[in-house]
Every structure is written in structure tokens, then in C-alpha cells.
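J.: sequence first, then the predicted structure, then my questions.
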Amino acid sequence: MNLNRLTYSLVAVGLLSMFGNNLMASDIPTAAPKVYPEGEVGRMVKLGEAILNKTDTHPLTKDLVGDKIQCKSCHLKGNDGKPGTGSGIGTFIGTATAFPAYSKREKTVQSLQDRINNCFMRSMNGKRPIIDTEASVAMATYITWLSDGMKMHMDTKRPCSPLNSKRWAKNAKKFAGIQKKATHANYMNGQKLFETKCASCHGKNGAGMGTFPPLWGKNAKGEWLAYNTGAGMSKLNKGAAWVQSNMPLGQGGTLKDQEAADIMLYVDAQPHAKFDLKKGLLPKEQMGYYNSKVLKEKHSVRSNFKQFGLDIDKIRGDHKIK
């Protein structure tokens, strides 16, 4: 392993231990190891990287994806150009060190593969991959490689990187308080902010532009473009926390709290596919064991707003969302 990478990783973990919630984005590693592992492990790292870059079109995962999102859409590239090495919330660096980890959503201890595969049902609006298929192992191998040399510390509270855990929880709580007070005026301000700060990349209608991902709606074929209502980004507080940390691209941390909250209030009020956990699971005889105690879960745009005590009709000023 590259000694500079090891030193950088250990420093980052040390900073996390010392400063907790005060860890700054500038203190977080933004590069993968410089050299791929040898042999079959290296091949799997490269395969996982390829899948994370082209999840919706890669031969091993395209049939499991129900929108036009790739893993790199949320797990942004860092200084090295590799998926999941950006410094904002969503970095994959350090993630493997936290597993096995407890998931409040699943009410079980989750493996890294569990965590990755469950994202396909939500952010990918698709089907959960079979554990230990080549695609599942490859994605976990790549993400584990990004933590090479870092200290292991299983997370008993949430399944995410130690570089994300505390700031994710802190900011999600902060934005929950803000969103509970949202009004139609915040929605309109969110639309204005979206058109001035976001539409140049994601399109005024949220359909995405070029390599920039879609955020809502359907294409001309009637296919959903973006994450469904079970995804973390569909939750008004979590989506705002991610946006403030990462957007506008290359300017993460520049949005004020209310700006980030209003933007996601607007984005998440747009049409997104309803989430039904059962529809995201392959037949049991094909999928095998599903590691979760939660076997029934449904969400819609309306129910996601209701979670924060909000009436989507009053927020939008119309009655178009079911």
C-alpha cells in the first residue's frame, strides 16, 4: 500500500476521533489508493468501479436499475476522478471500516453488500441484486479498496462511513427542524433557487442534462428518471443535508441552511415513483435470504411530506401529487 495514502487515512481517522462533528471537508481524503491490487482482487476492484460509474447501462446491473441514475450520481468523484471519493456527505472513503453496522431502517446488523444492494431498490428505483453475485462482490470490493489502510470501527448506530456518520446525523436533525416549518413561500423560493443554481446542470424540468443526473419525472417513454420515494434523497431533511454538503458541484458548503432546505422542498415535491419494498425484491427462490426485519414498507411523495407534518397540496399550492 502507498505510504502517503496510509498516512493520510490515519490522519483523517485521528481527526474524526478528535473533532467529531467539527471535521471539515478539507480534512477528508479525496483520492483512492494510487495502485490497484494485483490479480483477481484488482480485477474485481476495477469491475466495481466500472459498475459504479455506469450502473444503469453496465451489463451486470442494467436490468436491476429502474431509472437513469448511477452510483456516482450521489457518491461523487473526488480529486482522482473516481466515484465515491468526493469530500462531501456520500464519500465511500472509510465506509468499509464501519461494517458490519446496525441499520435502524432494516432493524438488523447489515453487511457492506446489504447496504449497497438495498440502494438499488431505492435510489435506483429497481431490484435488489443477489448477494455474492459478481456485481455485488465487485461493488463491495471497490468500496473496500477505498478504505485500505484505515482503522476499522464498526458503527452501532448507522451504516455509513465514519467520515459521514456524525455530520450526517447532525445535519439531518437540523434540516428536520427547518422542514417542519416549511410553507408554500419556501416552495416557491426553492423553485427560484433551483432555476438559478441547479437547472443549468439538471434541466429546468429536472430531467438531467448530458452527464448530469435527472432529479424527477419521466422520459418520453414513460420511464421514471430518478430516485423513488424510498431513497434517502426523497426525505426532506436528508436530501437537504446532502445538497448543502455537495452542491452546486464543486461549491459544496456554500448554500445557506434555508436555501438547501427550500431547494429540496421543491425537488422532492415533484413526481417520483412510489416505493414498495416488496416490489424491489426478487422472488425468494432467486434472491435467497433478505437480511431485514422490515418486510413491508411503502412511501409516496405525499407520505414523505406528511412525515414532517406537511400537506403537499398546501406546499405546492395545487392538488397534482398523490
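T.: Here it is on my side, so go on.
J.: below-threshold pLDDT in this protein: ranges please.
T.: For the chain, residues meeting the criterion pLDDT under 70 lie at 1-27, 319-322.
J.: which parts of it are helices?
T.: 3-19, 39-53, 112-122, 134-145, 165-179, 184-197, 199-202, 236-246, 257-268, 284-287, 301-306, 312-316 (DSSP state H).
J.: next, format these as a markdown table and append distance to Trp224.
T.: Just so you know, the C-beta spots here come from the backbone N, C-alpha and C atoms, and that holds for glycine as well. Below are these laid out as a markdown table (distance: least, Cβ to Cβ, whole Å):
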| stretch | distance to Trp224 |
| --- | --- |
| helix 3-19 | 37 |
| helix 39-53 | 20 |
| helix 112-122 | 12 |
| helix 134-145 | 21 |
| helix 165-179 | 24 |
| helix 184-197 | 19 |
| helix 199-202 | 15 |
| helix 236-246 | 17 |
| helix 257-268 | 14 |
| helix 284-287 | 22 |
| helix 301-306 | 13 |
| helix 312-316 | 18 |
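J.: quick one: closest of the ones you listed to Trp216.
T.: helix 257-268 (6.5 Å; Cβ to Cβ).
J.: residues contacting Thr85?
T.: Thr85 is in contact with 29-32, 77-79, 91-93, 146, counting by Cβ atoms under 8 Å, 6 or more residues apart in numbering.
J.: could I get these in TSV, plus columns for neighbour count and distance to Asp257?
T.: Converted to TSV, these look like this (neighbours: other Cβ atoms under 10 Å; distance: Cβ to Cβ, whole Å):
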residue	neighbour count	distance to Asp257
Pro29	23	26
Thr30	19	24
Ala31	17	30
Ala32	25	32
Lys77	16	26
Gly78	22	25
Asn79	12	27
Thr91	25	21
Phe92	29	26
Ile93	28	26
Leu146	28	30
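J.: among the helices of the chain, which comes closest to Asp67?
T.: Of all those, helix 112-122 sits nearest to Asp67, with 10.4 Å by Cβ to Cβ.
J.: what angle do the closest one and helix 134-145 make?
T.: Interaxial angle of helix 112-122 relative to helix 134-145 (axes from the mean of the first three to the mean of the last three Cα atoms, to 10 degrees): 120 degrees.
J.: and the chain, what are its domains?
T.: With domains defined by automatic domain parsing, the chain comprises 3-162, 171-316.
J.: thinking again about what came up before, format the helices of the chain as TSV; extra columns: mean neighbour count and distance to Lys151.
T.: Converted to TSV, the helices of the chain look like this (neighbours: other Cβ atoms under 10 Å; distance: least, Cβ to Cβ, whole Å):
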stretch	mean neighbour count	distance to Lys151
helix 3-19	15	5
helix 39-53	18	21
helix 112-122	23	16
helix 134-145	22	14
helix 165-179	18	14
helix 184-197	17	38
helix 199-202	16	36
helix 236-246	25	23
helix 257-268	24	31
helix 284-287	10	34
helix 301-306	18	36
helix 312-316	18	44
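J.: to Asn228, which of those helices lies closest?
T.: Nearest to Asn228, of these and by Cβ to Cβ, is helix 112-122 at 6.2 Å.
J.: tell me what the closest one is packed against?
T.: If you count contacts as 3 or more Cβ pairs under 8 Å, 6 or more residues apart in numbering; DSSP states H and E, helix 112-122 packs onto strand 101-103, helix 134-145.
J.: circling back to that earlier point, quick one: which of the contacts of Thr85 is nearest Arg122?
T.: Nearest to Arg122, judged by Cβ to Cβ, of these is Phe92 at 17.0 Å.
J.: does Thr156 touch Ala101 like I think?
T.: Yes: Thr156 is in contact with Ala101 according to Cβ atoms under 8 Å; the separation is 7.4 Å.
J.: between the two, who's got more neighbours?
T.: Ala101 (22 against 9; other Cβ atoms under 10 Å).
J.: ok so, going back, of the contacts of Thr85, closest to Phe308?
T.: Thr91 (26.7 Å).
J.: would you mind measuring from that closest one to Lys77?
T.: Plainly put, Thr91 is 11 Å away from Lys77 if you go by Cβ to Cβ, to the nearest Å.
J.: quickly list what's touching both of the two.
T.: 84-85.
J.: for the spatially closest residue to Ile143 that is not a sequence neighbour, what are its contacts?
T.: Leaving aside its sequence neighbours, Ile143 sits nearest to Phe92 (Cβ to Cβ, 6 or more residues apart in numbering; 4.9 Å). By Cβ under 8 Å, 6+ apart, the contact set of Phe92 is 75, 83-85, 143, 146-147, 161.
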